[in-house]
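[1] what follows is a predicted structure for the sequence shown.
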Amino acid sequence: MRTLAAAAVLLSAALVPRPFGAHPPHDALAPVELLLDGRETLAGVAVGPDATVYVTAPARGRVLAVSPDGVPSLLLRGLDDPRGVALDREARLLVVERGRGRVLRHEPDGRLAPLAQRLRRPEWIAAAADGALYLTARRLLGADGSDPDEAWLIVRLAGAGAAPSVVAHDLRGLEGLALDPRALYAAARGAVLRWPLDAGGPHGPPARLGAREIQRARGLALDARGALYAADGDRVTKLHPDGRLTSFARRLDAAAGLALGPDGSLHVAEAGR
């Protein structure tokens, strides 16, 4: 992701085209609102039940928050390459600190509690309703780690302090994660992967969704109707429950994290604008 003027964009859930006003380059099936605009490199985004938006800025080691009335503030700083963010079942913010190989939980008193440490380049996170966490991480191939295309894996944390268990491995180009009660989704090179879920996590070989249309998906988000949104370069693609793929937004600049707000609005972290 390039370090240029960055933005966090909100796309309304209403699928009604209209002019975008101040930002005509965006092309989407919804009104567009700019929530953040500044010289930050953005990565992950999450939205709380009160509609507060949380965005990571890896290059500066920061997490920014945008209040429901649109006021931005600096929430956390001094982190080492923060990437994915999510909310747990108690609406506490979870941050993946890639540089230190940790997952942190932001407590109500402002402390950062480490939930997992000594992970190898963790990046994206998804929180399940039962309290389990799913993370992407790297596994180097070869004794000297010389493989330039390192394999990825997905690990599951059953709870705070629990040892991570590997639930998927030998994945290529792994990026964002998304969950619903029935399945785990992962953005990978050339497709979105879907594993059925049971009480112990995902099982069986994954199904490949959008293998012809999706090139290099990054962030993923699921809506209440079961549609999956995938950030793919300069666009967001919508995978409908019946298998159809449609374009939801175009002319974005390095779309990364995606998140749905409590009103169904889609939030996109993009860099380069």
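    Noted; the coordinates are in hand. Just so you know, these numbers come straight off a predicted model, no measurement behind them. Numbers count the residues shown, from 1 in each chain.

[2] now for Arg98: which residues touch it?
    Taking C-beta atoms under 8 Å, 6 or more residues apart in numbering as the criterion, Arg98 is in contact with Pro58, Asp80, Asp81, Pro82, Arg83, Arg121, Pro122, Glu123. For glycine as for every other residue, the C-beta is placed from the backbone atoms N, C-alpha and C.

[3] so which of those wins on neighbours?
    For the contacts of Arg98, counting by other C-beta atoms under 10 Å, the largest number of neighbours falls to Pro82: 28 neighbours.

[4] among the contacts of Arg98, which are in strands?
    Pro82, Arg83 (DSSP state E).

[5] quick one: end-to-end length of stretch 201-220, please.
    Distance between the boundary residues of stretch 201-220 (C-alpha to C-alpha, to the nearest Å) amounts to 19 Å.

[6] with stretch 125-134 instead?
    Start-to-end, stretch 125-134 (C-alpha to C-alpha) is 6 Å.

[7] and that stretch, what's buried?
    By 16 or more other C-beta atoms under 10 Å, the buried positions in stretch 125-134 come out as Ile125, Ala126, Ala127, Ala128, Ala132, Leu133, Tyr134.

[8] over to stretch 96-107?
    Residues of stretch 96-107 classed as buried by neighbour count (16+ other C-beta under 10 Å): Val96, Glu97, Arg98, Gly101, Arg102, Val103, Leu104, Arg105, His106.

[9] so where's the stretch 151-273 of the chain uncertain?
    Residue ranges of the stretch 151-273 of the chain with pLDDT under 70: 211, 271-273.

[10] for the stretch 1-150 of the chain, what spans make up the strands?
    Under the criterion DSSP state E, counting those that start in this stretch, the stretch 1-150 of the chain contains strands at 6-11, 27-28, 32-38, 45-47, 53-57, 62-66, 72-76, 82-87, 93-97, 102-106, 112-116, 125-127, 133-139.

[11] what average pLDDT does the first one get?
    So the one you mean is strand 6-11. Strand 6-11 carries an average pLDDT of 54.

[12] what's the answer for the second one, then?
    This predicted structure assigns strand 27-28 an average pLDDT of 52.

[13] Asp263: neighbouring residues, count only.
    11.
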